[in-house]
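K.L.:
Here is a sequence with its predicted model. Questions after.
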Amino acid sequence: MPLYEHVFIARQDISGSQAEGMIEQFGAVITENGGTVVGHEYWGLRPMAYKINKNRKGHYAMMRLDAPAAAVQEMERQQRLNDNVMRTVSFRVDEHEEGPSQMMQGKNARDERRGNRDRDRGPREDRSGERSGDRAEKPHETTTTAPTDKLAGSADAKKEES
């Protein structure tokens, strides 16, 4: 049977236990139609990039499925009828990844995958080209200029000439 990963977003008004109950409810639809739920993850209440139906947050959940296409279509149909489900997406995959999904892995695991690029860069430089740690108090420099020809016609310049 084909393998799928299915993600849905539920409204922020429901509780976390109700969102997890929806995972079980939609998993039952898959098993009734000849498929199996390989695994599922509840990602929690997370902020969204933009408002959907006046909601700024949503309960995210992912299901890994081993099911025929008809079973996935029936689950998606029931999710469209459910008022608590705002968005759904299903992906057909060649194989399921072992372990937790990218969303569930901790920040430390992400840093290791990235090769700790942020730490290797060194100190940040500000716009003037100085390093952030090298900002010592510099004395204010004043400049003096020699008298110009414009002052030659003034009263002070005439006093100096005499």
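P.N.:
Okay, I see it.
K.L.:
how would you label residue 72: helix, strand or coil?
P.N.:
helix (DSSP: H, G, I helix; E, B strand; the rest coil).
K.L.:
Just the local confidence number for it, please.
P.N.:
pLDDT recorded at residue 72 is 93.
K.L.:
which residues does it contact?
P.N.:
The neighbours of residue 72, taking C-beta atoms under 8 Å, 6 or more residues apart in numbering as the test, are 4, 6, 30, 35, 65, 90. For glycine as for every other residue, the C-beta is placed from the backbone atoms N, C-alpha and C.
K.L.:
Mind doing that once more with 6 Å?
P.N.:
4, 90 (C-beta atoms under 6 Å, 6 or more residues apart in numbering).
K.L.:
Equivalent analysis for residue 26, please.
P.N.:
When contacts are counted by C-beta under 6 Å, 6+ apart, residue 26 is found next to residue 75.
K.L.:
Of all the residues in the helix or strand where it lies, which ones are buried?
P.N.:
Under the criterion of DSSP states H and E, residue 26 resides in helix 16-32. Within helix 16-32, the residues that qualify as buried are 19, 22-23, 26-27, 29-30, counting by 16 or more other C-beta atoms under 10 Å.
K.L.:
Angles on the backbone of the nearest residue to residue 103 once chain neighbours are set aside, please.
P.N.:
Leaving out its chain neighbours, the residue that sits closest to residue 103 by C-beta to C-beta, 6 or more residues apart in numbering is residue 43, at 5.1 Å. Backbone torsions for residue 43, taken as degrees, to the nearest 10, come to phi -90, psi -10.
K.L.:
where's residue 43 relative to residue 1, distance?
P.N.:
25 Å (C-beta to C-beta, to the nearest Å).
K.L.:
Compare the two (neighbour count), which wins?
P.N.:
residue 43 (16 against 12; other C-beta atoms under 10 Å).
K.L.:
shouldn't that one be in contact with residue 60?
P.N.:
Yes - Residue 43 is within contact range of residue 60, at 3.9 Å (criterion: C-beta atoms under 6 Å).
K.L.:
Quick one: the strands in the protein, in order.
P.N.:
Taking DSSP state E as the criterion, the chain carries its strands at 3-11, 36-52, 55-66, 85-93.
K.L.:
So which bits of the last one are buried?
P.N.:
Spelled out, it's strand 85-93. So for strand 85-93, counting by 16+ other C-beta under 10 Å, buried means 85-86, 90.
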